[in-house]
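*Asks:* 3D, please:
(one chain, ligands or ions: 2)
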Amino acid sequence: MDTKIRKLSYDGIDRKVIEEAGQILKSGGLVAFPTETVYGLGGDALNPASSGKIYAAKGRPSDNPLIVHIAERSALTQIAANISGKAERLMDAFWPGPLTLIFEKKPLVPDKTTGGLPTVAVRMPSDPIAEALIRAGGGFVAAPSANVSGRPSTTTAAHVAEDLNGRIEMILDGGQAVIGLESTIVDVSAEPPVILRPGAVTKSMLEREIGAVETDKAIIASDSGVRPKAPGMKYRHYAPKAGLTIVEGETERVVSAIRHLTEEAERAGKKVGIIAADETAFRYPAGLVQSLGARSREAEISAHLFEVLRRFDDTEVDCIYSEAFEDAGLGTAIMNRLLKAAGHQVLRV
Ligand code: TXA
Ligand code: MG
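*Replies:* Ligands and ions are numbered 1, 2, ... in the order given. Now for the predicted structure:
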């Protein structure tokens, strides 16, 4: 299949391109598109054949449910039942935006889209291209992250093409995704609500709106023995080809441990990659050093994490050491993705 790539500008989104992309969705095809979190791989959420194509294009196990993206609140009642007052408050505060909510599903949503679950994940993205595409495609767009299963999520159209060229009808190019990490997922069919995946809408932001929320134990646990409630969270994810180890501790000790480990590995003839921040990147004389951005501007770190993990796959490094990041606020989401990429391999120094 020939994948069309269409560049769009946010000042004046080309209606003709959106109409063309919407027609592809309506006729059962797949279109990758930008959102404020990561790129999504879109298909008609109400068409089971489209969901089947999404699983096939990603190489994703079909028990792993898809998020249904909508463009207006009124669409929600067609697909979700028993919407709680807390859910309403969260939508008032964070929709459109990087928050996905889990509801009891209505029969309109095919089982194929929810991986056979009685619940449905719903998100209303704030990205204007995403919004226009959802409207043009019929109002309900199933979209997982637009990457081959197991690889880091995509934050540019070029990354999408790397993984999915030839497997989907179209890619809408809206430049770099601003947040760079997938949405926060909260199960509001449970009481109290439970965070199934941390993201840019943090625990304290949620609690300010609705009081206590819990966090799925599988996110906190350092081993993968606890089964996560979001089926997709159980898979090894984001993993670069070279083994990744996170080095955690007081900054000076981390820098000297990574320097030492790098020297040792290079003496053994290995090539080493290092993931650091602007504040420390210049302190590594050896190894291939990649900075995620400034620790003082956490949003830079989240925006660049997946890109840096991907870029290490283009190099010949044998192992990667990463500095740890603070596990609070947006940092909780950053560390969640980094720990998964490392298969929970952490060295405390
Ligand atoms: O930011 C995002 O959420 C992006 C953009 C494209 O919107 N999408 C995304 O989708 O990250 P995906 O499919 O890569 O991740 C969705 C996660 C998976 O871990 C899946 O198991 C979980 O959501 N999920 C979906 N439906 C669920 C449900 N009914 N119950 C529990 N978890 C669910
Ligand atoms: Mg994904």
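*Asks:* now the helix or strand bottoming out on mean pLDDT in the chain, how far from the chain's geometric center?
*Replies:* Comparing helices and strands within the chain by mean pLDDT, DSSP states H and E singles out helix 217-220 as the least confident, with a mean of 76. Computed by CA atoms, centre = their mean, to the nearest Å, the chain-centroid distance of helix 217-220 equals 17 Å.
*Asks:* Can you name the element that comes right after it?
*Replies:* strand 243-248 (DSSP states H and E).
*Asks:* what mean pLDDT does that following strand have?
*Replies:* Averaged across strand 243-248, pLDDT comes to 96.
*Asks:* if you skip the residues just before and after it, what's nearest to whichever residue of the chain sits closest to ligand 1?
*Replies:* Of all residues in the chain, residue 232 sits closest to ligand 1, at 2.3 Å by CB to the nearest ligand atom. Heads up, the C-betas are built off the backbone N, CA and C, glycines and all. Of all residues not flanking residue 232 in the chain, residue 64 sits nearest, at 4.7 Å (CB to CB, 6 or more residues apart in numbering).
*Asks:* now do residue 157
*Replies:* Counting by CB to CB, 6+ apart, residue 173 is the residue found nearest to residue 157 once chain neighbours are left out, at 3.5 Å.
*Asks:* The one you found: what's it in contact with?
*Replies:* Contact analysis of residue 173 by CB atoms under 8 Å, 6 or more residues apart in numbering lists 5, 6, 7, 8, 34, 157.
*Asks:* Kindly reformat those as TSV and extend each row with pLDDT, distance to residue 131 and secondary structure.
*Replies:* Formatted as TSV, these follow (pLDDT from 0 to 100; distance: CB to CB, whole Å; DSSP: H, G, I helix; E, B strand; the rest coil):
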residue	pLDDT	distance to residue 131	secondary structure
5	98	20	strand
6	98	16	strand
7	98	18	strand
8	98	12	coil
34	98	11	coil
157	98	18	helix
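*Asks:* Show me which pair in those is furthest apart.
*Replies:* Using CB to CB, those span at most 12.3 Å, a distance reached by 5 and 34.
*Asks:* which one of these two has more residues nearby?
*Replies:* Remark: of residue 5 and residue 34, residue 34 carries more neighbours, 30 against 14, as counted by other CB atoms under 10 Å.
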